[in-house]
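Participant: predicted model and sequence below, questions to follow.
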Amino acid sequence: MKDKLDLYIDSVRHLPPAPKVMVELIALFKQPDRDVDQVVRLMSHDPSLTAEILRRCNSSFFGGEEPATDLFEAVLRLGFYELYRIVVAMSSMQAMSLPGINKVLPVEALWQHSAAAAVIAGMVASRMHESEGVAFTAGLLHDVGKIILASQEGEKYGRLMLNVSASGSSLAEAEKEAFGFDHGEIGARLLTRWGLPSDIVLPVGHHHHLAGAEPCERLAATVNLADAMAHCLGENPSTAPVMPPDCTAAMTILQLVPEDMPLLLQQAQEGIQQTKGLMPA
């Protein structure tokens, strides 16, 4: 029997399409014996993606003395994790490009925040000995539910976001009151329909409320902290980063203390700058 999340998604006129290459790449990323040939075969199914990978590989950010001329060489030059981040980022950006939502949401700002949260989540996960790729993906997709709500609710959702911004209250709580669920929960249900694994779905669904995220509680805490840090850095891009609020639960789960935060924020700031050439603009 379908619950309210499924029924809501069924009612949405424009859903982000399932990014098939990204879903398959995530599965491939989890295989310990993956090889370059497998990656190249997967990428070659999408000529536009292949062209974009070659373009990025030959950009000033990655480019060597001689340009890469085929996908095999590009994968070797980039490394699998960098390729993974490019493909997941491009797929996620396409999912955030539904028609008309820019009238409701500041889509560019949402994308920049999601990209920053992804970089930070990967960095924190590496420190916590969790999967960097899984955390990066969950960080990138943590706000995809906002796209669904903006597409379906239109100006009603826009007004809700403005009211929350003006009052300083919680967007997730306002969504819960208005719709019966928040953007994390509806986003997680979409990712389930896409066929993404639970270690990505659960952190997305619980990035505003960590209870119930087991057995992925640490990854959910990582995305929760990355979300808060990305907001903090986005709001104060030219100043020294300050401690983000409301991270106590996540920090406890990750066994972090307030004294850890200045260095983490500095590393996050540096990581975001270093990956600007990697992420789609």
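Facilitator: The structure has been received and is ready for your questions. Numbering: from 1, shown residues only.
Participant: what's the mean pLDDT across stretch 222-230?
Facilitator: Stretch 222-230 carries an average pLDDT of 95.
Participant: who's in contact with that stretch?
Facilitator: 113, 116-118, 120-121, 124-125, 128, 130, 135, 138-139, 142, 203-204, 206-208, 210, 241, 244-247, 249-251, 254, 256, 264-265, 268 (CB atoms under 8 Å, 6 or more residues apart in numbering). For glycine as for every other residue, the C-beta is placed from the backbone atoms N, C-alpha and C.
Participant: can you rerun that using 6 Å?
Facilitator: By CB atoms under 6 Å, 6 or more residues apart in numbering, the surrounding residues in contact with stretch 222-230 are 113, 116-117, 120-121, 124-125, 135, 138-139, 142, 203, 207, 244, 247, 250, 268.
Participant: likewise for stretch 200-209?
Facilitator: In contact with stretch 200-209 (CB under 6 Å, 6+ apart) are residues 134, 137-138, 141-142, 172, 184-185, 187-188, 191-192, 213, 216, 219-220, 223-224, 227.
Participant: mind checking which of those residues are in helices?
Facilitator: 134, 137-138, 141, 172, 184-185, 187-188, 191-192, 219-220, 223-224, 227 (DSSP state H).
Participant: could you pull out the helices for the stretch 51-200 of the chain?
Facilitator: Counting by DSSP state H, counting those that start in this stretch, the stretch 51-200 of the chain has helices at residues 71-78, 80-95, 107-127, 132-141, 144-153, 155-167, 171-179, 183-194, 198-205.
Participant: now for the first one, which elements pack on it?
Facilitator: Using 3 or more CB pairs under 6 Å, 6 or more residues apart in numbering; DSSP states H and E as the contact test, the elements touching helix 71-78 are helix 36-43, helix 47-57.
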